[in-house]
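Peer 1: Got a sequence here, can you model it:
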Amino acid sequence: MIDTARPTARPEPTPRRLGAAAPPAEPLEVAARRRRRAGRRRNAVTDLLAVLAWTSAAVAVTLWLASPGSHTVSGIGGWLTDAGIVAGLIGTDLVLVMLVLAARVPLIDRTFGQDNAIAVHRSLGKPVLYLLLAHGALLTLGYGASAGTGPIAETIALFSTPDMPLAYLGLGLFVAVVVSSLVAVRRRLPYEAWHVIHLLSYAAVLVALPHMLSVGSVLAHGTWQRVYWIALYIVALGLIVLYRFALPLVVTFRHRIRVVDVEPIAPGVVSIHLAGRDLDRLGARGGQYGVWRFWTARTWWHAHPVSFSAVPGRDRARITVRDLGAGSARLGRITPGAFVSLEGPYGLFTSRARTAPYLALVASGIGITPVRALLEDTDLRPGEATVLLRGTDADQQYLWQETAALAAATGSTLYAMVGHRATSRESWMTEDDVRRGVTLRSVFPRLLESDLYVCGPRAWSDLVVREARLAGVPEHQIHQERFES
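Peer 2: Numbering: from 1, shown residues only. Okay, here's the model as predicted:
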């Protein structure tokens, strides 16, 4: 356990101080300007990716509008049919965008962040589902109105059309994927069941393709529309194959990672020490995570997104895992020698994302792992960084001693905030700290000139980030990595 002591006098009350260094005499303007330029480049690429995503949907509709026959609308049936076609074009395009966002493309990860990409991927799920349902319903009503038949009769007729049963199957699979991703449903599903259902999204895309190419004249042979859609499918599925399957296999066999030791460091928490070949060439930065699969009889079917808790060396790496469920609990019982496969490293929770002259790090619980690695991997001047570690009790002080040693070596200031959260669930601090009037700005006097990195349980870290925003910290200076509590 780390010894704590009261801080020296400051303008505002602060938590207990573990170590300090005088701030530098001059602001770190040169480094800050370089980081701001890098940040502007990342923002430009992010904006470009967003524009390309929506442009792809606009191009799909434009190509259809430019095709012969798209303007010969007659009657309510024609209007319903055309509305259904537009909904289907936009919905299918956005499905492919979702696949690209989930493909873990390095360019997207470096500029947008894989966690942000997955957040957008999830946010598109329900709108895309509504568009695809509208596509099916409007076409059924439109065809029925034009033929003078009812919806049920028209649905039966569509089922007898070649490739349409596959289209209905694809829609059903996508419904299952979206429903399983709803928060209320996902919490009740074992991870393994949810993961298998989610893989159905690939099948849904594949089985829907034949009806696009064969039914009707929308994507007729010899049209630019057909070329465009085939190219979109090749790009989206090609990125999935390359970055979700082929590249991880190459990484795994190139580096030959194995477990060499499983070290208990606290109740329910273990550090897994790994050995491999040329692990420093993984390109892992402090703060990043990998998706790990441990090839034992009890764990091979479960992939674990876990942060590096130390920067990998030439032949050594380490991750630290807390027992948060049946899958992660099994990792504490892995025997040395187990073969390990890796996807990654991923994540923007690194010093590359910095834009400000100072650094503020806040970690709680197992959220210490990326923060400790980030501190190790960042070139710091004395007084440039301040670290706040939060824990309920001594059992939650994972890797605190190592972090304190790194802070001392870099001339950083380190604080500890130990105790149960305040009665008010709107506070991320202890009751004692609330009574003493501690604020985020009292812990980090240069908060507005700092990049703030926050990692910990989701609800807790959201409260820290909310206070930072209320204090006036610009959005681009806030970097958040959230763990399930």
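
Peer 1: Please enumerate the strands of the stretch 351-485 of the chain.
Peer 2: Counting by DSSP state E, counting those that start in this stretch, the segments of the stretch 351-485 of the chain that form strands are 358-364, 385-391, 413-418, 450-457, 478-483.

Peer 1: Including mean pLDDT and distance to Phe444, could those strands go into CSV?
Peer 2: All C-beta atoms are positioned from the backbone trio N, CA, C, and that covers glycine. Putting the strands of the stretch 351-485 of the chain into CSV (pLDDT from 0 to 100; distance: least, C-beta to C-beta, whole Å) gives the following:
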stretch, mean pLDDT, distance to Phe444
strand 358-364, 95, 5
strand 385-391, 94, 5
strand 413-418, 93, 9
strand 450-457, 94, 6
strand 478-483, 81, 12
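
Peer 1: Between the ones you listed, which one is closest to Leu49.
Peer 2: Among the strands of the stretch 351-485 of the chain, strand 478-483 comes nearest to Leu49, with 18.9 Å by C-beta to C-beta.

Peer 1: Quick check: neighbours of the closest one in the sheet, parallel or antiparallel?
Peer 2: Partners of strand 478-483 in the sheet, by DSSP bridges, are strand 450-457 (parallel).

Peer 1: What is the distance between the strand it pairs with and the centre of its chain?
Peer 2: Here the centre of mass of C-alpha atoms in strand 450-457, compared against the chain's by C-alpha atoms, centre = their mean, to the nearest Å, lies 15 Å away.

Peer 1: Kindly calculate the angle that that strand makes with strand 358-364.
Peer 2: Put simply, strand 450-457 runs at 10 degrees to strand 358-364, going by axes from the mean of the first three to the mean of the last three C-alpha atoms, to 10 degrees.

Peer 1: for the stretch 301-450 of the chain, which spans come out with low pLDDT?
Peer 2: Regions of the stretch 301-450 of the chain meeting the criterion pLDDT under 70 cover residues 324-328, 425.

Peer 1: mind running it again at 90?
Peer 2: Of all residues in the stretch 301-450 of the chain, those with pLDDT under 90 make up the ranges 301-305, 322-333, 344, 347-348, 352-357, 379, 392-396, 420-427, 430-437.

Peer 1: State the three-state secondary structure for Phe308.
Peer 2: Using DSSP: H, G, I helix; E, B strand; the rest coil, the three-state assignment for Phe308 comes out as strand.

Peer 1: so what's it closest to, chain neighbours aside?
Peer 2: Sequence neighbours aside, Ala373 is the residue nearest to Phe308 in space, at 5.1 Å (criterion: C-beta to C-beta, 6 or more residues apart in numbering).

Peer 1: Show the contacting residues for the one you found.
Peer 2: Taking C-beta atoms under 8 Å, 6 or more residues apart in numbering, we find Ala373 in contact with 286-288, 307-311.

Peer 1: In these, which residue is surrounded by the most others?
Peer 2: By neighbour count, taken as other C-beta atoms under 10 Å, the most surrounded of the contacts of Ala373 turns out to be Gly287 (31 neighbours).

Peer 1: How many neighbouring residues does the residue nearest to Glu467 when sequence neighbours are not counted have?
Peer 2: Excluding its sequence neighbours, the residue lying closest to Glu467 (C-beta to C-beta, 6+ apart) is Leu440, at 4.9 Å. Neighbours of Leu440 under the rule other C-beta under 10 Å: 22.

Peer 1: Tell me how far Leu440 lies from Ala416.
Peer 2: For Leu440, the distance to Ala416 (C-beta to C-beta, to the nearest Å) stands at 15 Å.

Peer 1: next one: Asp379
Peer 2: 25 Å.

Peer 1: More neighbours: which of these two?
Peer 2: Applying other C-beta under 10 Å to Asp379 and Ala416 shows that Ala416 carries more neighbours, namely 22 against 8.

Peer 1: The residue nearest to Glu467 reaches Leu448, doesn't it?
Peer 2: No. Here Leu440 lies out of contact with Leu448, judged by C-beta atoms under 8 Å, at a distance of 10.7 Å.

Peer 1: Could you tell me which residues touch both of these two?
Peer 2: When contacts are counted by C-beta under 8 Å, 6+ apart, Leu440 and Leu448 are jointly contacted by Ala471.

Peer 1: mind listing what's buried in stretch 300-309?
Peer 2: Within stretch 300-309, the residues that qualify as buried are 302-304, 306-309, counting by 16 or more other C-beta atoms under 10 Å.

Peer 1: How far does it sit from its chain's centre?
Peer 2: Counting by C-alpha atoms, centre = their mean, stretch 300-309 is centred 14 Å from the centre of its parent chain.

Peer 1: do stretch 388-407 as well
Peer 2: When distances are taken as C-alpha atoms, centre = their mean, stretch 388-407 is centred 25 Å away from the chain's centroid.

Peer 1: what's the offset of the helix or strand hosting Arg226 from the middle of its chain?
Peer 2: For Arg226, the host element (DSSP states H and E) is helix 224-240. Chain-centre distance of helix 224-240: 25 Å, with C-alpha atoms, centre = their mean.

Peer 1: Which residues does that helix contact?
Peer 2: For helix 224-240, the surrounding residues in contact (C-beta under 8 Å, 6+ apart) are 56, 59-60, 63-64, 67, 92-93, 96-97, 99-100, 102-103, 105, 202, 205-206, 209, 212-213, 218-220.

Peer 1: Spell out, range by range, the helices that occur in the stretch 251-400 of the chain.
Peer 2: Secondary structure of the stretch 251-400 of the chain (DSSP state H, counting those that start in this stretch): helices located at 326-331, 368-377, 400-410.

Peer 1: and the ones you listed, which is most packed in?
Peer 2: For those, ranked by mean neighbour count under the definition mean count of other C-beta atoms under 10 Å, the leader is helix 368-377 at a mean of 27.

Peer 1: Can you name the residues that contact Ala266?
Peer 2: In this structure, Ala266 makes contact with 395-398, judged by C-beta under 8 Å, 6+ apart.

Peer 1: tally of neighbours for Ala66?
Peer 2: Every residue meeting other C-beta under 10 Å relative to Ala66 is counted, giving 12.

Peer 1: The top strand by length along the chain - what's its average pLDDT?
Peer 2: Identified as the longest strand of the chain according to DSSP state E is strand 257-266. Averaged across strand 257-266, pLDDT comes to 94.

Peer 1: List the strands paired with that strand, with their directions.
Peer 2: Strand 257-266 pairs in its sheet with strand 269-275 (antiparallel), strand 339-346 (antiparallel), by DSSP bridges.

Peer 1: so which of the ones you listed comes closest to Leu182?
Peer 2: Each of the strands paired with strand 257-266 was checked against Leu182 via C-beta to C-beta, and the shortest separation belongs to strand 339-346, namely 24.5 Å.

Peer 1: I appreciate the help and will end here.
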